[in-house]
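> sequence-free structure coming up:
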Ligand SMILES: Cc1ncc(COP(=O)(O)O)c(C=O)c1O
Ligand SMILES: Cc1ncc(COP(=O)(O)O)c(C=O)c1O
């Protein structure tokens, strides 16, 4: 294994934590998993913690007064504490568990649609997003604006894949109610100047919603430093399970917003005529929450913190730089988005001239290399660059330089398979 | 172990499937888990299936073209097939995975709020529920009617805990757009005549939403036979994991309804200006779905089907009858809801004169007996009977008569602890 | 939970207050009335405070709930009626610390009197809310009274 | 996936159609035009049909997508143009059966001609959608034509 500066010092030990990395695929090939921006693999400790919960402590939370109930509630609410600490939230009550990042973003858009008073979004109001958003940070705002009569506007992109900030003064104006943007693009890899944009948005009194789905796995997150009012991420990309996402929101705003889903846990008192609602965070958590998933997420964030988000970030940067170099040795390959690793996250989308991304991914798969092909839920960003779809490799804390070598080699093979050489 | 007619023939073998049942609690007491209506315990096969998925097949679904992606997608969509078969759905596409039953019910209420055309709910329209609903089938309809100006009405209850059908002609009328009701009450245990009410509702063109959260664990479910337009249940009560629920809906209605949450997976094509949406079921599944949870649910429903829902129902009835008899030997104890096991499900709420339910549950817990105390998310039903809260025991396929004996004995102890004897 | 713990929870003092609650019932005069609910179980308290010249003249209440919540309301009234608001708040603070201490805080009998009987409750996370229901209501009501004064 | 499977997927016939697609381009006259998308990857096809007297006179299309989806559109046009609508629908039926057979269906070369090359695709669930994109579009467009007729 080559040693690049910045790699996690005990990378082989880290890899041993992830049972799936030992899998062999068809033809006895080892798995080269380069699809972590799509979903990350899970360390043994996350799986074991979930199993232990299910085998020994399973019970519903909040409502149950017995020993199992107390254990389950403690584990579940403990996960909230861990999550709050992970993003440096001022209060644990500001951490709401959702089913994924998409629900977290929809929660904000939906409650803004039903809000009355200063937070209400309606005709004449503007919501600003960007052209590099994941569909999950586009469609909720389209639905909100279509349904309330507000106007949707967006930042365009520069040719090198950055936000075009030249229009910021007209985009963010006194009509702007919400600015929602991704911290790290899942397609272009771009890391956006979120704090700077948040400052501008706050000057006009807009609410800032940050999609940290790709940031939380890779960067140290500090909700205060980033200047967000809401911040969303998803469990399955931070080595946690599916079925859980996180919405952090400023207490003052969460308290003002109306409820999202109605049901058990989110109420204070229910009469047939009318109900009153619980305080945050429970007000936004209707029904039995994703209990074992929260417990798994807690174990995941503890695992990441133990390795250290700074170290993980350095590792991602090292691998990304190595990959950018390697990819560019492949004839006919062009990378979408910034070409310098320091400006970007660990997802690298690219085109290979003469071969459709589906076919690239298929041939790579025959060599055990797992990447993603398509528009990666970022169709507008693809369109912006005149691209129908792309191939995307994405690394994580368990990725080795040797795996990047395997990717590059498999790309060479793809070219020869399709007779481009 | 006493042998009652109707008990599962190999009850001790069934119990071995559930690792948690071997747990000992404080003081070395064995666990007597009588809180299954709150959440059920999980058999080893469900846990193992989830572990196998996480350790060997984990990948995102639909989007991923590689081997792991294909395996994960197959497992996830396979769970949809299993679920469709479990409820005898005419089409697998009518099965939507949500995060729990609450989200499923909110999905219907929410999309009806945004629907335009014949399904739209607005001023002058009426939504009918019942006084025995779980909060999760009350609050969504309160929010819908408050937000759209429609009127919420409800069936009252008779003194013996049945729906008061004497008002049906005035309640279900030409203004009725939705009739939403529970199949089996989680507090009173009452089994409602859902098919009969559905027939009446359909006569006036109303949509029938059935909350099968307590029915699906105990009864064979056939969506066609029950006459529902929508039917919801939750994974964690059918020996599956948390983080997953099911909404079944008639294709024709699902296709007419607008989307619920927006994001990845639920789109057909996204442009910044406007998006079009995928067909069902994906239209209602925004973002990364609860993948490992669906896989776990599939294993759970397969497990239940293997034992047989008829057999499970018979077991529940036998245990419930035995428990009703046993409970009534305890002085000062009064059961809420129907007193005959054949008319009811396996949740039995009761009062013990002179001891508050919290205190009952606490003392039971000191003997290893886990029950629930409170209003069980059915405060209106409690109020109807002038009860602040109650103690509830609820059995499932792993419950033995000996555990009921332990409960009865612990209740006697409770009376002596509080010096009522 | 052990039977030993059970006895620690249900101290005689608590059961006595439960059976014979002090200062129960709603009385006049009062400056503020609040209604608090424990959403998990539905326990409720309606509580009134009468404050005059910075002194807690009366606390009256009507409550439905378990032994712990009922006894706690009774002990609360014993402890705060007749005290200055600031002294009463100090008692509140101590009780809160005791309840949130997960069983590690040693209660001061001089200050908490019968309230020390709740030390065992702190080991039962699900019951801490019961013990605090009326205390939170009292704090809320008192804050409203002061809000009106100023 | 094995390299052997890879070769089964990318048959020479498929790569030939991909490199030199037949009947490509949008032409007049036509009675119906549809636009179909594969939401997962964004592949798109715009497809027109010209039906006269129950006969498929022309199928023209414009498409972006992978080798499988492109080749499949090309083969589709070869197979249906000139046939009666009902014969063409029968071919469609056979192709669908082949694609949904998970690799277990033996294709009939007399009916499917070059289409038999897609037998290997049926083993790749993720690629079945690619192969079917234009076929579904053709069926949709044809149904619309007939709808108009009647
Ligand atoms: C009758 C009934 N409906 C709905 C629910 C809500 O289920 P969940 O909390 O999983 O959303 C429950 C269980 O809590 C229930 O018993
Ligand atoms: C930038 C970004 N936002 C949002 C999401 C949505 O996350 P989820 O699918 O878990 O809801 C993703 C991942 O798919 C993403 O990469």
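Cool, got the structure. This is a predicted model, so every value here is computed, not measured. Ligands and ions are numbered 1, 2, ... in the order given.
> per-residue pLDDT, residue C:150?
On pLDDT, residue C:150 comes in at 47.
> same question, residue C:81
Per-residue pLDDT puts residue C:81 at 98.
> For burial, what's the neighbour tally of it?
Burial measure for residue C:81: 18 neighbouring residues, criterion other CB atoms under 10 Å in any protein chain shown. The C-beta positions use only the backbone N, C-alpha and C, and glycine is treated the same way.
> Next, the contact list for it, please.
By CB atoms under 8 Å, 6 or more residues apart in numbering or on different chains, the residues touching residue C:81 are C:23, C:56, C:57, C:58, C:59.
> Between these, which sits nearest chain D?
Closest approach between the contacts of residue C:81 and chain D, by CB to the nearest CB: residue C:59, at 62.9 Å.
> which among the contacts of residue C:81 gets closest to residue B:71?
Nearest to residue B:71 among the contacts of residue C:81, counting by CB to CB, is residue C:59 at 64.5 Å.
> okay, now the domains of chain A?
A:11-40+A:309-417, A:47-306 (automatic domain parsing).
> Which one of the ones you listed lies nearest to ligand 2?
Minimum separation from ligand 2 across these (CB to the nearest ligand atom) falls at domain A:47-306, 3.3 Å.
> any idea whether residue A:60 is helix, strand or coil?
Assigned with DSSP: H, G, I helix; E, B strand; the rest coil, residue A:60 falls in the coil class.
> Make CSV from the domains of chain A and add distance to residue B:299 and mean neighbour count to it.
As requested, the domains of chain A are exported to CSV (distance: least, CB to CB, whole Å; neighbours: other CB atoms under 10 Å in any protein chain shown):
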stretch, distance to residue B:299, mean neighbour count
domain A:11-40+A:309-417, 19, 21
domain A:47-306, 12, 22
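> so which of the ones you listed comes closest to chain C?
domain A:47-306 (4.7 Å).
> and that closest one, does that touch chain D?
No - Domain A:47-306 is not in contact with chain D by CB under 8 Å from any CB of the partner chain; minimum separation 9.9 Å.
> How about that domain and ligand 1, touching?
Yes - remark: domain A:47-306 sits within contact range of ligand 1 at A:264, A:287, A:288, by CB under 6 Å from any ligand atom.
> follow-up on the earlier one: quick one, which of the contacts of residue C:81 are buried?
With burial judged by 16 or more other CB atoms under 10 Å in any protein chain shown, the buried subset of the contacts of residue C:81 is C:23, C:56, C:58, C:59.
> could the residues you listed go into CSV alongside distance to chain D?
Formatted as CSV, the buried ones among the contacts of residue C:81 follow (distance: CB to the nearest CB, whole Å):
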residue, distance to chain D
C:23, 66
C:56, 66
C:58, 67
C:59, 63
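> which residues sit in contact with residue A:384?
By CB under 8 Å, 6+ apart, the contact set of residue A:384 is A:131, A:132, A:156, A:157.
> how about a cut-off of 10 Å?
A:131, A:132, A:156, A:157, A:158, A:159, A:161, A:188, A:336, A:378, B:272 (CB atoms under 10 Å, 6 or more residues apart in numbering or on different chains).
> got any ranges where the chain has weak pLDDT?
I went with chain A, as the question did not name one. By pLDDT under 70, the low-scoring segments of chain A are A:1-2, A:63-64.
> wait, chain C
For chain C, applying pLDDT under 70 flags the ranges C:1-2, C:148-150.
> rewinding a little: out of the contacts of residue A:384, which are inside strands?
Here DSSP state E is the test, and the contacts of residue A:384 give no hits in strands at all.
> Next step: those residues restricted to helices.
Using DSSP state H, no member of the contacts of residue A:384 sits in helices.
> Can you add distance to residue B:19 and give these back as TSV?
Output for those, formatted as TSV (distance: CB to CB, whole Å):
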residue	distance to residue B:19
A:131	51
A:132	47
A:156	56
A:157	52
A:158	56
A:159	58
A:161	51
A:188	47
A:336	49
A:378	43
B:272	51
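> Closest to chain D out of the residues you listed?
Of all these, residue A:378 has the smallest distance to chain D: 10.0 Å, by CB to the nearest CB.
> nearest residue to the closest one other than its sequence neighbours?
Distances taken as CB to CB, 6 or more residues apart in numbering or on different chains place residue A:187 nearest to residue A:378, at 4.1 Å, with adjacent residues excluded.
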